[in-house]
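any chance you can model this:
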Amino acid sequence: MYGYGYKYTNGLVVSAGGGAPFANTKSLSFDGVDDYLTSANPLTSGNAYTISIFAKLNATPTLTNFFNISDGTNNIALCYWWSGGNGMLFKPNVGGPYSLTVYPNTALWHSYIFTFDGSTTTKIYVDGISREVTNGTALGTVAVNAMEISRGLGGGYRSNMNVDEVSIFNRVVTPAEIVTLSTAPTVDLTSLNPIAWYRNGDGDTYPTITDNGSGGNNGTMTNMDAGDIVTDVPL
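Below you'll find the model as predicted:
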């Protein structure tokens, strides 16, 4: 999947644009039972945003959460997989969700990027390929207080999966940045100014997953242990 002129050697980008190369050797492994990562929400109510995540499902899903932002009552930014017929679903706030018939191979790593312009337009990229959904009215105010990976509203919808290089921006990223985010999981994103950036193991010590972005919202591995930081990464 990772073309675009990038060259990888043992998890190290040796030729890439958009940032300095460095090693990516770790990801987080979630068991689909009770594991999840949580942090404070880095986004501001009602504004544009981009969420980028690398994920690999380790079991055939039914209804599972990749990434969730919630106020405890409503799901705000929800991406999940429903093998019952709707493929990828994206919920940009209390409206939606919007469904795409997209079924990437569950045994492989894939890049998922979601953008919301703060008003009416959402875009979903799977491995850099764009799908667009437009709503004719504003999608409403976002009120959030928590971000979670591999857990949905009410604590359900757990995912048996690996997740790596989660980055969040308080803006819609450019087309060139979409290429960087979707094809270079080991490029230093500092120059892109993410508001949150979780490397999911690299430079981390259990149970804290460091926020390398500007927000300072470190994540906490919950119902997990140090063995859930693994050497399975997107290349």
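
so where is this protein shaky, pLDDT-wise?
By pLDDT under 70, the low-scoring segments of the chain are 1-21, 45-46, 60-106, 132-145, 152-157.

tell me which stretches of it form helices.
Under the criterion DSSP state H, helices of the chain are mapped to 175-183.

OK, contacts around residue 185?
2, 24, 54, 109, 111, 164, 165, 233, 234, 235 (Cβ atoms under 8 Å, 6 or more residues apart in numbering). Where you see a C-beta, it was placed from the backbone N, CA and C, and this is true even at glycine.

for residue 218, state which of these is nearest.
Within these, proximity to residue 218 (Cβ to Cβ) peaks at residue 165, which comes in at 15.9 Å.

surely residue 180 touches residue 191?
No. Shown here, residue 180 and residue 191 do not form a contact pair, counting by Cβ atoms under 8 Å, at 9.6 Å.

tell me which of the two has more neighbours.
Higher neighbour count among residue 180 and residue 191: residue 180, with 22 against 12, using other Cβ atoms under 10 Å.

and the gap between that one and residue 204?
Per Cβ to Cβ, to the nearest Å, residue 180 is found 22 Å from residue 204.

burial of residue 230, as a residue count?
Neighbouring residues of residue 230 were enumerated by other Cβ under 10 Å; the total is 15.

how about it: which residues does it bridge to?
Residue 230 has these beta-bridge partners by DSSP bridges: residue 27.

so it touches residue 25, yeah?
No. The pair residue 230 and residue 25 does not pass the contact test of Cβ under 8 Å, sitting 9.8 Å apart.

what touches both of these two?
In terms of Cβ under 8 Å, 6+ apart, residue 230 and residue 25 are both contacted by the residues residue 201.

drop anything exposed from the contacts of residue 185.
2, 24, 54, 109, 111, 164, 165, 233, 234 (16 or more other Cβ atoms under 10 Å).

distance to residue 32 added to the contacts of residue 185, as JSON lines?
Formatted as JSON lines, the entries for the contacts of residue 185 read as follows, by distance: Cβ to Cβ, whole Å:
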{"residue": "2", "distance to residue 32": "26"}
{"residue": "24", "distance to residue 32": "24"}
{"residue": "54", "distance to residue 32": "18"}
{"residue": "109", "distance to residue 32": "17"}
{"residue": "111", "distance to residue 32": "21"}
{"residue": "164", "distance to residue 32": "17"}
{"residue": "165", "distance to residue 32": "21"}
{"residue": "233", "distance to residue 32": "19"}
{"residue": "234", "distance to residue 32": "19"}
{"residue": "235", "distance to residue 32": "23"}
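
in strands, which of the residues you listed appear?
Counting by DSSP state E, the contacts of residue 185 place 54, 111, 164, 165 in strands.

now the two most distant members of those residues.
111 and 164 (10.0 Å).

shared neighbours of these two, anything?
By Cβ under 8 Å, 6+ apart, residue 111 and residue 164 have these common neighbours: 54, 185, 234.

picking that back up, between the contacts of residue 185, which is closest to residue 224?
Within those, distances to residue 224 taken as Cβ to Cβ reach their minimum at residue 164, with 15.0 Å.

residues near the residue lying closest to the closest one once chain neighbours are set aside, how many?
Residue nearest to residue 164 in three dimensions, not counting chain neighbours: residue 27, with 3.8 Å by Cβ to Cβ, 6 or more residues apart in numbering. Counted with other Cβ under 10 Å, residues neighbouring residue 27 total 27.
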